[in-house]
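# just the structure for this:
(one chain, ligands or ions: 2)
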Amino acid sequence: MKPTIALVGRPNVGKSTLFNRLTKSRDAIVADIPGLTRDRHYGHGKLGRKPFLVVDTGGFEPLAKDGIMHEMARQTEQAIAESDIIVFVVDGRVGITAQDKEIANKLRKIDRPVFVAVNKSEGLDRGIAVADFHELGLGQPYSISATHGEGVRNLLDLVLDPYPEPEEDVADDGVVRVAIAGRPNVGKSTLINALLGEERVIAFDMPGTTRDAIHVDFERAGRKYTLIDTAGLRRRGKVFETIEKFSVIKTLQSIEDANVVILVLDAQQDISDQDAHIAGFALESGRALVVAVNKWDGLEGYTREQVKQLLERKLKFLDFARFHYISALRGQGLDSLFRSVDGAYAAAMAKLPTPKLTRALLDAVTRQAPPRHGAFRPKMRYAHQGGMNPPLIVVHGNALDHVSDSYRRYLEHYFREAFKLQGTPLKIQFNTSENPYAAKAERHIDKPGSKRGPRSSRPT
Ligand SMILES: Nc1nc2c(ncn2[C@@H]2O[C@H](COP(=O)(O)OP(=O)(O)OP(=O)(O)O)[C@@H](O)[C@H]2O)c(=O)[nH]1
Ligand SMILES: Nc1nc2c(ncn2[C@@H]2O[C@H](COP(=O)(O)OP(=O)(O)OP(=O)(O)O)[C@@H](O)[C@H]2O)c(=O)[nH]1
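Ligands and ions are numbered 1, 2, ... in the order given. Below is the predicted model of the structure:
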């Protein structure tokens, strides 16, 4: 599972700046998607091939007893309880403060690695910048500059050293890993009950001692599935208990671990920010997705139509996914929900042969050529598949840096239709480097004496 890094520290030390730096260099599947609002506190990052999640915890005032600072401290404690690694950010220009010491006192009691990042260190002597902070008793402090990027990579190397690179291929053993995500009270437990039967849920609800995901196998219509849940989070250490039953980190981790995410919404409630954020996470993770609009039993015909329209408008950025209107309570709509889960899985794992991809690409271009950008006319030559889950299509050609987002979406739509990739996001990567074979072939053709060379074929 992807490691989760929590950024902790008092206000104004540079946590948000560091967060932005850690999360910006990801291959953006969501380049510019209308309607998608992001939760700026949770993000994906990558160090080389190693992926990780980052949580920006906001300012941490451990002594605040009430008010907004107290609420923030609660949320920070939850993030600390659920993360794998803590990066404690301090301000190298201000030096150690009483508040830093308070935070350190709390962090020293937890059983996870804590790294002290002495920020704003650009232009300062490294040794002097960090000297003060040994006193925190959290080991060697590291000097960084979040705005300039200095020392950040070194720190990440250390932080992620114990975590191996992910395996190259996604194993396709035919067992579909399903995560059920949604905000509190939409009916996730009811749906899980309906899928597993009561006796299984008891096992599933057992508090674990580690925060590894718990996997529950089940069968449906002759097919095997594994339900992923990160239960067990609630029992972790005495210093930082997870207070809330709902956990964004837990949701993110189960999404990451799944092949297919079932996003559960409540038809009887308006779409909330929390729903939209969870939908956004699912999209950003690249996982295949099926939307289950639950509690459909309680609605009349006219309201149903209204709800459908509203949802499809608000969640337009999920238009690659199938929407199902179900009642978990009555067990209605689950068969067809699972047919879509299977379909989404197949789409996520699809193998797309180069000749077919290239043909589809050229057809798409014939139908609508990429618009010229200034002096550049992007030229697409061929395409191959660069990955699965989600499918990654690598398009090769010239001047592809100048392809617009709207043309990217056009291509995405075209490939989706051509290869029936419903239910999975699709990544398109443009590769402008010359095709060495094409270049060679052209040189060959250009050779004097070549019968099929362009010169000899030019009308005279
Ligand atoms: N000189 C310098 N300033 C920095 C650096 N990193 C952040 N800052 C500045 O410090 C100030 C606070 O940065 P933020 O990233 O907002 O700090 P924060 O810890 O997220 O603050 P809260 O959101 O209040 O908790 C901003 O003015 C940043 O530009 C750095 O590496 N060097
Ligand atoms: N009418 C109706 N009510 C439902 C349906 N599914 C769940 N509910 C009710 O919605 C409430 C919340 O259901 P839960 O399954 O506990 O929701 P949850 O998403 O697991 O909630 P958390 O455990 O808080 O995350 C309960 O009162 C359920 O009986 C449904 O299909 N129709």
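# my guess is Arg223 meets Asp217, correct?
No - the pair Arg223 / Asp217 is not scored as a contact, 11.4 Å apart, by Cβ atoms under 8 Å. All C-beta spots, glycine's among them, are computed from the backbone N, C-alpha and C.
# neighbour count winner among these two?
Arg223 (14 against 11; other Cβ atoms under 10 Å).
# excluding chain neighbours, what is closest to the more buried one?
Leaving aside its chain neighbours, Arg223 sits nearest to Asp342 (6.7 Å; criterion: Cβ to Cβ, 6 or more residues apart in numbering).
# immediately after the helix or strand hosting the one you found, which helix or strand?
Taking DSSP states H and E as the definition, one finds Asp342 inside helix 334-348. Remark: after helix 334-348, the chain's next helix or strand is helix 354-367, criterion DSSP H and E.
# off-centre distance for that following helix?
In this view, helix 354-367 has its centroid 29 Å away from the chain centroid, taken as Cα atoms, centre = their mean, to the nearest Å.
# kindly export it (C-alpha atoms) in CSV.
Extracted C-alpha coordinates of helix 354-367, given in CSV (Å, rounded to 0.1, in the frame of the first residue of the first chain):
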residue,chain,number,x,y,z
THR,A,354,-0.4,-1.1,-31.1
PRO,A,355,-1.8,-1.6,-34.6
LYS,A,356,-5.3,-1.1,-33.4
LEU,A,357,-4.4,1.8,-31.2
THR,A,358,-2.6,3.5,-34.1
ARG,A,359,-5.5,2.9,-36.4
ALA,A,360,-7.9,4.4,-33.9
LEU,A,361,-5.5,7.4,-33.5
LEU,A,362,-5.3,8.0,-37.2
ASP,A,363,-9.0,7.7,-37.6
ALA,A,364,-9.5,10.2,-34.8
VAL,A,365,-7.1,12.6,-36.4
THR,A,366,-8.7,12.3,-39.8
ARG,A,367,-12.1,13.1,-38.3
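# report the buried residues of that helix.
Leu357, Thr358, Ala360, Leu361, Ala364, Val365 (16 or more other Cβ atoms under 10 Å).
# how about stretch 291-311?
In stretch 291-311, counting by 16+ other Cβ under 10 Å, buried: Val291, Ala292, Val293, Asn294, Lys295, Trp296, Leu299, Val307, Leu311.
# wait, which of those is closest to Ala383?
Val291 (28.9 Å; Cβ to Cβ).
# the residue nearest to that closest one when sequence neighbours are not counted and ligand 2: what is the separation?
Computed as Cβ to Cβ, 6+ apart, the closest residue to Val291 that is not its neighbour in sequence is Phe323, at 4.6 Å. Between Phe323 and ligand 2 the computed distance is 15 Å (Cβ to the nearest ligand atom, to the nearest Å).
# what's the neighbour count on Phe323?
With other Cβ under 10 Å as criterion, Phe323 counts 17.
# with Arg313 instead?
10.
# got a list of what Leu158 touches?
Counting by Cβ atoms under 8 Å, 6 or more residues apart in numbering, Leu158 touches Phe115, Tyr142.
# got a pLDDT number for it?
In this model, Leu158 is scored at 95, pLDDT.
# on that earlier part again, so which elements touch the helix holding Asp342?
Contact partners of helix 334-348 among helices and strands, from 3 or more Cβ pairs under 8 Å, 6 or more residues apart in numbering; DSSP states H and E: strand 176-181, strand 223-229, strand 260-266, strand 288-294, strand 322-325.
# and these, which one averages the lowest pLDDT?
When I compare those, strand 223-229 is least confident, with a mean of 84.
# so how far is stretch 299-315 from its chain's centroid?
On the basis of Cα atoms, centre = their mean, stretch 299-315 sits 28 Å off its chain's mean C-alpha point.
# do that stretch and ligand 2 meet?
No - judged by Cβ under 6 Å from any ligand atom, stretch 299-315 makes no contact with ligand 2; its nearest approach is 9.2 Å.
# could you export that stretch as PDB, CA atoms only?
Extracted in PDB, the C-alpha atoms of stretch 299-315 (Å, rounded to 0.1, in the frame of the first residue of the first chain):
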ATOM      1  CA  LEU A 299     -38.100   8.400  -4.000                       C
ATOM      2  CA  GLU A 300     -41.100   9.000  -6.200                       C
ATOM      3  CA  GLY A 301     -41.000   9.100 -10.000                       C
ATOM      4  CA  TYR A 302     -40.700  12.800 -10.500                       C
ATOM      5  CA  THR A 303     -38.100  13.300  -7.800                       C
ATOM      6  CA  ARG A 304     -36.100  10.400  -9.300                       C
ATOM      7  CA  GLU A 305     -35.800  12.200 -12.600                       C
ATOM      8  CA  GLN A 306     -34.700  15.400 -10.900                       C
ATOM      9  CA  VAL A 307     -32.100  13.600  -8.800                       C
ATOM     10  CA  LYS A 308     -30.700  11.900 -11.900                       C
ATOM     11  CA  GLN A 309     -30.300  15.100 -13.800                       C
ATOM     12  CA  LEU A 310     -28.800  16.900 -10.900                       C
ATOM     13  CA  LEU A 311     -26.300  14.200 -10.200                       C
ATOM     14  CA  GLU A 312     -25.200  13.800 -13.800                       C
ATOM     15  CA  ARG A 313     -24.700  17.500 -14.100                       C
ATOM     16  CA  LYS A 314     -22.700  17.900 -10.800                       C
ATOM     17  CA  LEU A 315     -20.600  14.800 -11.400                       C
END
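# show me the contact partners of that stretch.
In contact with stretch 299-315 (Cβ under 8 Å, 6+ apart) are residues 35, 265, 267-268, 270-271, 276, 279, 291, 293, 296, 319, 323, 325.
# counting neighbours, which of the residues you listed end up buried?
For the contacts of stretch 299-315, buried by 16+ other Cβ under 10 Å: Leu265, Ala267, Gln268, Ile271, Ala276, Ala279, Val291, Val293, Trp296, Phe323, Tyr325.
# Phe19: which of those residues is nearest?
Taking Cβ to Cβ as the measure, Phe19 lies nearest Ala276 of the buried ones among the contacts of stretch 299-315, at 20.1 Å.
# pick out the residue of the stretch 201-350 of the chain closest to ligand 1.
Closest approach between the stretch 201-350 of the chain and ligand 1, counting by Cβ to the nearest ligand atom: Val248, at 17.6 Å.
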